[in-house]
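Chemist: coordinates for the following, if possible.
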Amino acid sequence: MSDPQNIIDPATPQDMESLKTIALAVYVLQALSFFWGITAVIGVIIDYVKLEDARGTWVENHLRWQIRTFWWALIWSVLGFALIWVFGLGFLVLAVVYFWTIYRVVKGWLKLTERKMVLPTL
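Modeler: Numbering: from 1, shown residues only. Just a heads-up that it's a prediction; the model follows:
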């Protein structure tokens, strides 16, 4: 099995900087979603639009991480809101989603600034 940190980037250095900047902007949008939820939707749309451009690069890994963060946070948030009426269990679910999302945004952002992948490839 190859080391996921050794992906060969077929893009030019300018393309990679552009993709890195876009991934950084999406991390910012995800962080802002704690105040304005719509920014997470904007971020995931950007991820899907740029995913093909990033294919085969280490930045693709970050876009996929961001997409997964969005969808899992959305699914668990909906479940949390639905469970609020069940002995307040929904508040616990929402708190876990909140801190899990912070963790994912911070971890991804730090790995991006180090120019490293955030997820191992399978």
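Chemist: which residues in this structure form helices?
Modeler: 13-32, 38-54, 58-83, 89-113 (DSSP state H).
Chemist: dump those into a markdown table; add mean pLDDT as well.
Modeler: Listed next are the helices of the chain as a markdown table, based on pLDDT from 0 to 100:
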| stretch | mean pLDDT |
| --- | --- |
| helix 13-32 | 94 |
| helix 38-54 | 96 |
| helix 58-83 | 95 |
| helix 89-113 | 95 |
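Chemist: of those, which is nearest residue 119?
Modeler: helix 58-83 (5.4 Å; C-beta to C-beta). For the C-beta atoms, the positions are set from N, CA and C on the backbone; glycine is no exception.
Chemist: centre of the chain to the closest one, how far?
Modeler: Its chain's C-alpha centre and that of helix 58-83 lie 7 Å apart, by C-alpha atoms, centre = their mean, to the nearest Å.
Chemist: now residue 59: how far from residue 23?
Modeler: Distance of residue 59 to residue 23, given as C-beta to C-beta, to the nearest Å: 5 Å.
Chemist: overlap in contacts of these two?
Modeler: Residues within reach of residue 59 and of residue 23 at once, by C-beta atoms under 8 Å, 6 or more residues apart in numbering, are residue 112.
Chemist: make TSV out of the helices of the chain and add distance to residue 119 and mean neighbour count.
Modeler: Converted to TSV, these look like this (distance: least, C-beta to C-beta, whole Å; neighbours: other C-beta atoms under 10 Å):
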stretch	distance to residue 119	mean neighbour count
helix 13-32	13	17
helix 38-54	13	17
helix 58-83	5	19
helix 89-113	9	16
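Chemist: the residue sitting furthest away from the middle of the chain and residue 34, how far apart?
Modeler: Relative to the centre of the chain, and counting by C-alpha atoms, centre = their mean, the farthest-placed residue is residue 87 at 31.2 Å. Going from residue 87 to residue 34 by C-beta to C-beta gives 26 Å.
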